[in-house]
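> 3D model of this:
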Amino acid sequence: MAGVFECGLALSLGRDWSFTLKASDTQIQGEQVSLLRTTGHRAARKGVPVLIDPLWLVSTAHCFLNKSHAPADYRVLLGSTRLYQHTQHAQEMSLSRIIVHPDFEKRHPFGSDIVMLQLHLPVNLTSYIAPACLPSPGMQLSPSLSCWITGWGMLSEDKHLHSPFHLQEGKVSLIENEFCNVLYRQRLSNSKTYSVQEEMLCAGDFSTGKAICQGDSGGPLICDLPTAWVLVGLASWGLDCRHPIYPSVFTRVDYFTDWINKIQRLTPPPGPTSAPQTGFPDQTLQAVSSSGHGPALVPPQTWLLLAVCAQGPTAGPAVTH
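Next comes the predicted model:
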């Protein structure tokens, strides 16, 4: 039975694996969702949205670059900690609206890389599904914060995630944008095409090499503040995830908190629709990789909103799709 739940509550804590991100049955947050684009009897992975209230999710806009913006093409699954493992706690939902930030990539690559997704019906919040807390606008972020990244992406540039598709997690530290830009310019031959702008932030762990990789797009960077776990960033872009590992770049959520609140306030409620399903339709949905071959490389936690994000430029940083 659904109840009233606060945002930013860690639902469980788990064990580590030794790759770019680590498998987790522990630090899992109930706000992370999987996004699937359905085509016939197949479902293509499209990213990792984050639940921020019973009716809204946020993710990165580049997941929808040159892709369908029709809400009917997507489904989200909530309430399962492993990809393709559906339990009595899962809720499958349809989308009502996809709202890309109007300034996405207008000023620079990956600029304003954020999208809001409105559900047809509110999610029933349970002990398995809970929203992330949004940061206050312009929140000051200390490098000493304890922060975590999660996702179902590749374990390294050439190592896929395999069954049983545990959600991966990694503890990271926030890194000053100025220092992050110095590192990237050295690697990219002083190219100014790609840089960490004010609406972005960097995070990583130089000692363990923890970073986001392909398949982690849109996933959360969650930091432990005194009052709750707060959604600080959304996985956006970075260099290829092979050693040496460079910091990952995230959309800075507090930069967009006012915009998020405005969209929530001004957007009409979704139209009437059928009740949410608790499992997939009768036909079997077979998830596929971004190339369309084989199993998807990312597992579902408590939501199925998978999307194949745009490929990164061959000469530039890698998109985390």
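> Check the burial of the closest residue to Gly170 other than its chain neighbours by counting its neighbours.
In space, and not counting its chain neighbours, Gly170 is closest to Lys210: 3.4 Å by C-beta to C-beta, 6 or more residues apart in numbering. C-beta here means a position set from N, CA and C on the backbone, and glycine is covered the same way. Lys210: 24 surrounding residues under other C-beta atoms under 10 Å.
> Dig out what Lys210 forms beta bridges with.
Asp205 (DSSP bridges).
> Start from the N-terminal end of the stretch 201-321 of the chain and give the helices.
Secondary structure of the stretch 201-321 of the chain (DSSP state H, counting those that start in this stretch): helices at 257-266.
> Any stretches of it with poor pLDDT?
273-321 (pLDDT under 70).
> can you pull out the strands in it?
220-224, 229-238, 248-252, 286-288, 318-319 (DSSP state E, counting those that start in this stretch).
> How about the contacts made by Pro102?
Contact analysis of Pro102 by C-beta atoms under 8 Å, 6 or more residues apart in numbering lists Ser112.
> and it, helix, strand or coil?
coil (DSSP: H, G, I helix; E, B strand; the rest coil).
> For it, grab phi and psi.
phi -60, psi -20 (degrees, to the nearest 10).
> quick thing: my sequence starts at 57, can you match it?
Yes, from this point I'll number from 57; that puts the last item at Pro158.
> Just the pLDDT at it, thanks.
Looking at Pro158, its pLDDT reads 97.
> Then Leu181?
Reported pLDDT for Leu181: 89.
> do Leu107 as well
Per the predicted model, pLDDT is 92 at Leu107.
> hey, what's it bridged with?
Bridge pairing for Leu107 - DSSP bridges - gives Leu113.
> related to what we said a few turns ago, rebuild the strands of the stretch 257-377 of the chain as a markdown table, extending it with distance to Ala186 and mean neighbour count.
Shown next, in a markdown table, are the strands of the stretch 257-377 of the chain (distance: least, C-beta to C-beta, whole Å; neighbours: other C-beta atoms under 10 Å):
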| stretch | distance to Ala186 | mean neighbour count |
| --- | --- | --- |
| strand 276-280 | 12 | 25 |
| strand 285-294 | 10 | 28 |
| strand 304-308 | 21 | 29 |
| strand 342-344 | 25 | 19 |
| strand 374-375 | 29 | 20 |
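> picking up where we left off before, wouldn't the residue nearest to Gly226 be in contact with Ile205 here?
Yes. Using C-beta atoms under 8 Å, Lys266 makes contact with Ile205 at a distance of 7.1 Å.
> ok, back up a step: and the gap between the residue nearest to Gly226 and Lys162?
The gap separating Lys266 from Lys162 is 32 Å, by C-beta to C-beta, to the nearest Å.
> now do Trp204
In terms of C-beta to C-beta, Trp204 sits 31 Å off from Lys162.
> Same check on Ser168?
7 Å.
> Those two: which has the busier surroundings?
A direct count of neighbours by other C-beta under 10 Å for Ser168 and Lys162 places Ser168 higher, at 22 against 9.
> wait, that one sits on His118?
No. The pair Ser168 / His118 is not scored as a contact, 10.4 Å apart, by C-beta under 8 Å.
> what is in contact with the two at once?
Joint contacts of Ser168 and His118 (C-beta under 8 Å, 6+ apart) are Phe160, Glu161.
> Can you list phi and psi of Asp129 for me?
According to degrees, to the nearest 10, Asp129 has phi -80, psi 0.
> What is the burial count for Gly275?
For Gly275, using other C-beta under 10 Å, the count is 32.
> which residues touch Val309?
Counted by C-beta under 8 Å, 6+ apart, Val309 has contacts Val114, Ile170, Leu190, Pro191, Leu287, Val288, Gly289, Leu290, Ile316.
> out of those, who's nearest Ser200?
Val288 (13.4 Å; C-beta to C-beta).
> Could you measure from that closest one over to Lys266?
Distance, Val288 to Lys266, by C-beta to C-beta: 16 Å.
> same check, this time on Ser168
26 Å.
> Equivalent analysis for Ile155, please.
31 Å.
> what about stretch 106-126, how long is it end to end?
19 Å (C-alpha to C-alpha, to the nearest Å).
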